Each structure stands twice: as structure tokens, then as C-alpha cells.
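> Coordinates for the following, if possible.
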Amino acid sequence: MICPSVATEAQHEAQRYKERSERSQAERTNARLKDEFGGKQVWVRGHAKVMSHFMFGLLALTADQLMWLLT
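Model prediction:
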């Protein structure tokens with residue numbers, strides 16, 4: 001029989017693992033957007049221009065991921 005404290009520790013460990021894996025996926029996506037799709041240096045000024053710059057990068061990232069999934 002498993003001790004209740006051991007079961008609780010296992011549940012907490014599973015929760016921490018889940019939180020880390022979700023966070024790291026978001027970090028990987030943000031890093032890829034910065035490194036590969038022009039998010040590191042933005043040469044335009046103004047909120048609308050910067051937002052459109054990042055949205056085009058996000059669109060390219062999405063297209064790249066879809067192509068990776070389909071092949």
C-alpha cells in the first residue's frame with residue numbers, strides 16, 4: 001500500500017513536470033520566432049508597424065510548422 005504522503009509527492013511532481021513542459025513549449029516558440037523569423041531586431045517604429053512585423057513572422061512560423069507536420 002502506498003503511503004498518502006508519497007502519493008501526494010508523486011502528484012506534485014507530476015504537476016510540476018506538466019507546468020515545466022508547457023512553459024518550455026512556449027519558450028521554444030518564442031525563441032524560434034525571435035531567431036528564425038525576424039523577431040530579434042525590428043527596424044520599424046510605431047506600434048502598428050511593429051505588430052505587423054511580428055504577425056508576419058508568426059504567420060511564417062505557422063506555415064513552417066504546418067509544412068513540417070504535413071511532410
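> Downstream of the stretch of helix or strand Arg28 belongs to, the next helix or strand is which one?
Element membership for Arg28, per DSSP states H and E: helix 4-36. Towards the C-terminus, the helix or strand next in line after helix 4-36, according to DSSP H and E, is helix 47-70.
> ok, residues contacting that following helix?
Contact partners of helix 47-70, identified using Cβ atoms under 8 Å, 6 or more residues apart in numbering, comprise 29, 32-33, 36-39, 42, 44. Placement of C-beta: from N, CA and C, glycine included.
> Weed out the non-buried ones from those residues.
Neighbour counting with 16 or more other Cβ atoms under 10 Å marks 33, 37, 39 as buried within the contacts of helix 47-70.
> quick one: least confident of those?
Sorting the buried ones among the contacts of helix 47-70 by confidence puts Gly39 at the bottom, with a pLDDT of 88.
> Any figure for the gap between Lys49 and Lys34?
Distance, Lys49 to Lys34, by Cβ to Cβ, to the nearest Å: 18 Å.
> same deal with Lys18?
Computed with Cβ to Cβ, the distance linking Lys18 and Lys34 is 25 Å.
> who has more neighbours, those two?
For Lys18 against Lys34, the residue with the higher neighbour count under other Cβ atoms under 10 Å is Lys34, and the figures read 14 against 10.
> Leaving out the residues flanking it, which one is nearest to the more buried one?
By the measure of Cβ to Cβ, 6 or more residues apart in numbering, the closest residue to Lys34 outside its immediate chain neighbours is Lys40, 4.9 Å from it.
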